[in-house]
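Asks: Pasting a predicted model and its sequence here:
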Amino acid sequence: MLGHNSGAGAHGRSMQRPLRNALLLIILASQCLACPIAWAETGILVVHVEDVQGHPVVGLEIGLKGDGGSAITDRKGQARVPLAPQTKENSSVSLQIVKPPAGQDLVVVSPWDYQARVPPFENESGNFVGIVVVQRGDLEALKSGTVLKAAVSQINKANAPKSADKQATPENPKANLEAVAKQYGLSPEDLDKHIRDWGAKTTDTYEAGLAALYARNYDKATTDLQSSLRQREEKLASDQKAATAVAADQKQVAEAAFFLGQSLYEQGKYKESAAAYQRCLQIRPDDATVLNNTAISLEEAGDYAGAEPLLRRALAIDEKALGPDHPGVATALNNLAALLQAKGDYVGAEPLFRQALAVDEKALGPDHPNVARDLNNLAALLQAKGDYAGAEPLFRRALPIFEKTLGPDHQYVATTLNDLAELLDYKGDYASAEPLMRRALAIDEKALGADHPDVATLLINLAGVLQAKSDYAGAAPLFRRALAIDEKELGPDHPNVGRDLNNLAELLRAKGDDAAAEPLYRRALAIEEKALGPDHPLVAAALNNLAGVLKAKGDYVGAEPLYRRALAIDEKALGANHPDVARDLNNLAELLEGEGDYAGAELLYRRALAICEKALGPDHPHTRLVQKSLDRLLQKSAQAAAPKAKS
């Protein structure tokens with residue numbers, strides 16, 4: 001039987017998919033301040049700059065990145081900044097402090113991401129952008145709710161998953177906290193304490209949701225952010241009805257929708273996450289980052305058809321804004337290529353990965369970490385195609401680049417160690433794979449903590465190597481520890497828990513304990529159907545798993561409808577020529593062969609073989625396996641058809 005673990009290659013892991021560092025998440029957070037009316041006019045962005053106590057900041061030169069100009073605030077804290085000629089009402093612009101007043105070192109805390117929308121060019125009191133600044137290192141000012149909301153928003157943004165790839169380097173919450181604390185002149189310990197104290201005291205549902213998201217309390221974060229989004233939607237609708245709606249209303253809705261999408265994503269509620277991101281996308285349809293993150297949720301939900309046009313649009317936006325040879329475009333190319341790889345379109349993915357590598361090598365030099373990332377991505381694709389000889393030198397070239405530029409204990413090093421180890425695992429070189437896996441696990445345990453869900457993934461990978469070596473005693477506690485981590489950190493109904501149950505069940509089957517494996521498969525299937533919906537490819541993988549154990553105990557009547565349902569799901573979700581469809585065809589053919597239906601089995605084997613030859617090539621292990629199965633069947637058929645010799 002072809003490998004059929006739930007979303008996980010040989011050990012219940014997802015098919016190798018590339019590292020993707022998506023564009024930074026951008027959320028609008030500017031607010032209207034209680035300032036005097038400043039008359040707007042076409043081509044001018046009116047800004048009001050205050051400190052956290054509400055006092056105007058005088059003599060600060062504020063400007064726009066790109067083609068815009070700059071201006072110095074007057075005694076009322078107002079500045080009239082020239083816009084680029086092409087900038088229209090409701091366009092997004094990037095603010096920057098060009099020069100602070102003498103003797104001051106200021107940080108913008110609202111809008112926390114320095115992004116703002118251009119209000120209408122009309123003489124209305126709300127047609128300005130409010131900016132709040134704080135003196136770096138002013139410990140008393142830095143305790144204000146405005147500053148803490150800005151800081152936690154930045155940290156949450158940095159912590160957000162940038163990729164649907166389970167093998168991608170996880171974000172480092174500790175490093176992200178340190179970076180933001182340094183920006184504000186605080187120690188990480190002080191900032192962490194202030195955020196947690198503020199989150200416990202605030203009565204604002206949005207602020208409470210941000211603080212809960214920071215603390216990885218996703219149940220509370222989702223509840224609070226859903227409540228906040230409803231409140232903000234109601235205010236927007238009310239203001240629109242009264243014709244008093246301003247850009248700030250839409251910004252607030254976009255903020256709540258975006259962070260709600262992040263929290264739902266972390267809970268494994270990918271369809272709901274996509275819906276929240278899509279609400280943000282309605283307000284910001286041309287934001288490449290929102291497009292990317294919406295696509296990530298759709299991809300996790302199994303909606304590849306919905307994700308692909310969003311990634312193509314994000315790529316087009318980046319190419320136009322940055323130029324075709326910009327490293328940011330290489331990132332967008334990687335994102336799109338990874339989706340095509342997940343769809344089984346290796347032919348479409350490979351030139352995009354190679355283009356990204358060429359862009360980064362030219363722009364950044366051959367020893368830049370982004371080049372190592374691109375090498376890793378291309379290697380993972382070649383591995384998926386069965387080209388182990390082509391993949392291994394790319395992994396080995398990427399690893400020393402990461403070690404040299406980022407240090408031997410960086411998470412990118414751990415990711416590449418893991419990917420190289422998996423390649424060696426697939427080649428059967430378990431002795432070389434195991435120490436690499438153990439080093440990767442040690443790095444992530446140190447960086448993320450022993451109970452982080454990404455550590456659980458590495459535990460699964462290491463356990464898979466041990467299982468392949470028949471070291472069941474060594475593998476079992478690792479699988480069980482991974483399951484315990486995910487149940488505690490993500491909840492009992494998260495898709496990762498389903499993955500872990502499948503892994504543990506596979507180990508039990510390898511030990512010959514099918515009776516103990518079956519209830520785990522059934523629980524895993526129930527979790528994935530509930531979390532992902534009945535038509536998700538991971539549900540198809542779980543159906544294959546359960547059908548396999550039923551077939552092994554001779555229950556062909558129970559197994560056949562499961563195999564057929566898995567095939568129907570994958571054909572619909574992935575297309576008729578995806579390698580996973582070949583897996584389903586092969587598994588069903590084996591069942592029919594066991595039932596004596598040689599004619600039915602032969603049709604399925606031949607179709608599976610055609611798919612594998614086209615998608616993977618004639619020398620891929622899966623292609624050879626299907627060919628071997630077909631040859632065996634044809635021999636059986638010939639023997640059955642041959643006349644019996646007379647005695």
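Replies: That came in fine, so what should we check first?
Asks: From here on, just use CA atoms for contacts and neighbour counts.
Replies: Noted.
Asks: Check the separation of the first and last residues in stretch 140-150.
Replies: End-to-end distance for stretch 140-150, by C-alpha to C-alpha, to the nearest Å: 15 Å.
Asks: Now that stretch: buried residues?
Replies: 141, 142, 143, 145, 146, 147, 148, 149, 150 (16 or more other C-alpha atoms under 10 Å).
Asks: In the chain, which helix is the longest?
Replies: helix 218-241 (DSSP state H).
Asks: right, and the helix or strand after it?
Replies: helix 247-266 (DSSP states H and E).
Asks: relative orientation of the helix or strand just after that following helix and helix 218-241 in degrees?
Replies: Remark: after helix 247-266, the chain's next helix or strand is helix 270-283, criterion DSSP H and E. Going by axes from the mean of the first three to the mean of the last three C-alpha atoms, to 10 degrees, helix 270-283 is angled at 30 degrees with respect to helix 218-241.
Asks: and helix 270-283, C-alpha only, in PDB?
Replies: Output of helix 270-283 as PDB, limited to C-alpha atoms (Å, rounded to 0.1, in the frame of the first residue of the first chain):
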ATOM      1  CA  TYR A 270      -9.100  27.500   8.800                       C
ATOM      2  CA  LYS A 271     -12.400  28.100   7.100                       C
ATOM      3  CA  GLU A 272     -13.400  30.600   9.800                       C
ATOM      4  CA  SER A 273     -10.000  32.100   9.600                       C
ATOM      5  CA  ALA A 274     -10.300  32.600   5.900                       C
ATOM      6  CA  ALA A 275     -13.700  34.300   6.300                       C
ATOM      7  CA  ALA A 276     -12.200  36.800   8.800                       C
ATOM      8  CA  TYR A 277      -9.300  37.600   6.600                       C
ATOM      9  CA  GLN A 278     -11.700  38.000   3.600                       C
ATOM     10  CA  ARG A 279     -13.600  40.600   5.600                       C
ATOM     11  CA  CYS A 280     -10.300  42.500   6.000                       C
ATOM     12  CA  LEU A 281      -9.600  42.000   2.300                       C
ATOM     13  CA  GLN A 282     -12.900  43.700   1.500                       C
ATOM     14  CA  ILE A 283     -11.500  46.800   3.100                       C
END
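Asks: Identify all contacting residues around that helix.
Replies: 250-251, 253-255, 257-258, 260-265, 287, 290-291, 293-295, 297-298, 300-301, 532 (C-alpha atoms under 8 Å, 6 or more residues apart in numbering).
Asks: swap in stretch 286-302?
Replies: 22-26, 162-164, 265, 270-271, 273-274, 277-278, 280-281, 284-285, 304, 306-308, 310-311, 313-315, 317-318, 339, 532, 536-537, 573.
Asks: What subset of these is buried?
Replies: 22-23, 25-26, 162-164, 265, 270-271, 273-274, 277-278, 280-281, 284, 304, 307-308, 310-311, 313-315, 317-318, 339, 532, 536-537, 573.
Asks: For stretch 51-65, what does the pLDDT average out to?
Replies: For stretch 51-65, mean pLDDT rounds to 92.
Asks: buried stuff in stretch 457-465?
Replies: 457, 458, 459, 460, 461, 462, 463, 464, 465.
Asks: My error: substitute stretch 54-69 in the last question.
Replies: Neighbour counts over stretch 54-69 (16+ other C-alpha under 10 Å) mark 56, 57, 58, 59, 60, 61, 62, 63, 64, 68, 69 as buried.
Asks: Stretch 172-189 now?
Replies: For stretch 172-189, burial by neighbour count (16+ other C-alpha under 10 Å) applies to 172-173, 175-181, 184-188.
Asks: Same check on stretch 523-536?
Replies: Buried, per 16+ other C-alpha under 10 Å, within stretch 523-536: 523-529, 531-536.
Asks: what residues does stretch 369-378 touch?
Replies: Stretch 369-378 is contacted by residues 17-20, 334, 350, 353-354, 356-357, 360-361, 364-365, 391, 394-395, 397-399, 401-402, 405-406, 416 when judged by C-alpha under 8 Å, 6+ apart.
Asks: average pLDDT for it?
Replies: 94.
Asks: The protein: strands as residue ranges?
Replies: With strands called from DSSP state E, the chain shows them at 44-51, 61-64, 70-72, 78-82, 92-99, 106-110, 115-117, 129-135.
Asks: Just list what the third one packs against, helices and strands only.
Replies: Just to be clear, that refers to strand 70-72. strand 61-64, strand 78-82 (3 or more C-alpha pairs under 8 Å, 6 or more residues apart in numbering; DSSP states H and E).
Asks: Partner strands of that strand, with direction?
Replies: strand 61-64 (antiparallel) (DSSP bridges).
Asks: what about the partner strand, distance to the chain center?
Replies: On the basis of C-alpha atoms, centre = their mean, to the nearest Å, strand 61-64 sits 34 Å off its chain's mean C-alpha point.
Asks: Not counting its neighbours along the chain, what's nearest residue 332?
Replies: In this structure, residue 332 finds its nearest non-sequential neighbour in residue 315, 5.3 Å apart by C-alpha to C-alpha, 6 or more residues apart in numbering.
Asks: show me the contacts for the nearest residue to residue 348 once chain neighbours are set aside.
Replies: In this structure, residue 348 finds its nearest non-sequential neighbour in residue 340, 6.5 Å apart by C-alpha to C-alpha, 6+ apart. Taking C-alpha under 8 Å, 6+ apart, we find residue 340 in contact with 346, 348, 349.
Asks: Could you check the pLDDT of residue 340?
Replies: Here, the pLDDT recorded for residue 340 equals 93.
Asks: Let me see the confidence value for residue 644.
Replies: Predicted confidence (pLDDT) for residue 644: 62.
Asks: Then residue 34?
Replies: Residue 34 carries a pLDDT score of 37 in this model.
Asks: now do residue 479
Replies: 97.
Asks: how close does it get to residue 455?
Replies: Counting by C-alpha to C-alpha, the gap from residue 479 to residue 455 is 12 Å.
Asks: Please apply the same query to residue 219.
Replies: On the measure of C-alpha to C-alpha, residue 219 and residue 455 end up 21 Å apart.
Asks: more crowded one of the two?
Replies: residue 455 (26 against 17; other C-alpha atoms under 10 Å).
Asks: quick one: low-confidence ranges for this protein?
Replies: Residue ranges of the chain with pLDDT under 70: 1-41, 123-126, 163-170, 243-245, 644-647.
Asks: Can you give me the domain boundaries for it?
Replies: 44-303, 534-637 (automatic domain parsing).
Asks: what's the closest of those to residue 519?
Replies: domain 534-637 (9.1 Å; C-alpha to C-alpha).
Asks: Now do the closest one: distance to the chain's middle.
Replies: Counting by C-alpha atoms, centre = their mean, domain 534-637 comes out at 30 Å from the chain centroid.
Asks: ok, now stretch 117-131?
Replies: Stretch 117-131 has its average C-alpha position 35 Å from the chain's average C-alpha position, going by C-alpha atoms, centre = their mean.
Asks: got the end-to-end distance for it?
Replies: For stretch 117-131, the end-to-end distance is 12 Å (C-alpha to C-alpha).
Asks: buried sites along stretch 85-103?
Replies: 87, 88, 92, 93, 95, 96, 97, 99, 100.
Asks: Go through those residues and say which is closest to residue 629.
Replies: Looking across the buried residues of stretch 85-103 and measuring by C-alpha to C-alpha, the closest to residue 629 is residue 92, at 58.6 Å.
Asks: Sweet, I'm off.
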